[in-house]
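Q: Here you go, sequence then predicted model.
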Amino acid sequence: MIPLVFTPDRVRIGLAGGGAPAARRLAALRAGGAEPVVVAADATALAGLNLLYIAGLDLGPAEKLATAARAAGVLVNVEDVPALCDFHAVAEVRRGDLLLTVSTGGAAPGLAGVIRRALEVLFPAAWAERVAEVAALRQGWRAENLPMAEAAKRIEAMVRERCWLPSPEAARSKAE
């Protein structure tokens, strides 16, 4: 597996399918800033797409569409059919610009969901403001030409002083 984060205004994303699975995928894509092109299940107009999500289609039409998309040079994800996927969707937690993801490579999506729910508790909504605060500090430090290593030290000290995360030692001890 190779994790990637796409900038939605630089990647053309399509969505084919219907029902609740397609609605969930559409909501997730929009949460990431994408406005996917809606693709009909019998589509032949796949040119220009980079990625295609297929959700809520029966296996036969999904496989046919995935084959056509690949022939057009499009990477494909067919929800709940790992054998037809070029990439896998991740379980995600969004807190402003903070994006936490979990993947089992399609092998155990239910487990990824359990871990995602735990991350939602560990990283509450306040993290959106925390990330924004650190980003503003970082911009100032960059303007001052502060070396990246020093900025990293300052951020680590800030996280520790404000108790935003358990110490690595405490987390390790609790896990054992």
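A: Nice, thanks for sending it over.
Q: Go through the host helix or strand of R142 and flag the buried ones.
A: Per DSSP states H and E: R142 is located in helix 126-143. Within helix 126-143, the residues that count as buried by 16 or more other Cβ atoms under 10 Å are W127, R130, V134, R138, W141. In short, each C-beta sits where N, CA and C put it, glycine included.
Q: try stretch 63-81
A: E63, L65, A66, A68, A69, V74, L75, V76, N77, V78, E79, V81.
Q: likewise stretch 1-15?
A: Buried residues in stretch 1-15 (16+ other Cβ under 10 Å): R12, I13, G14, L15.
Q: what does it rub up against?
A: 22, 25-26, 29, 32-39, 46, 48-55, 69, 74, 88, 90, 99, 101, 103, 105 (Cβ atoms under 8 Å, 6 or more residues apart in numbering).
Q: Quick one, which of these are buried?
A: Using 16+ other Cβ under 10 Å, the buried ones in these are 22, 25-26, 29, 34, 36-37, 39, 46, 49, 51-55, 69, 74, 88, 90, 101, 103.
Q: Counting by contacts, list what the helix or strand encompassing V121 packs against.
A: For V121, the element it lies in under DSSP H and E is helix 109-122. Counting contacts by 3 or more Cβ pairs under 8 Å, 6 or more residues apart in numbering; DSSP states H and E, helix 109-122 is packed against strand 91-95, strand 98-102.
Q: Can you check what angle separates the last one from strand 91-95?
A: Spelled out, that is strand 98-102. Put simply, strand 98-102 runs at 170 degrees to strand 91-95, going by axes from the mean of the first three to the mean of the last three Cα atoms, to 10 degrees.
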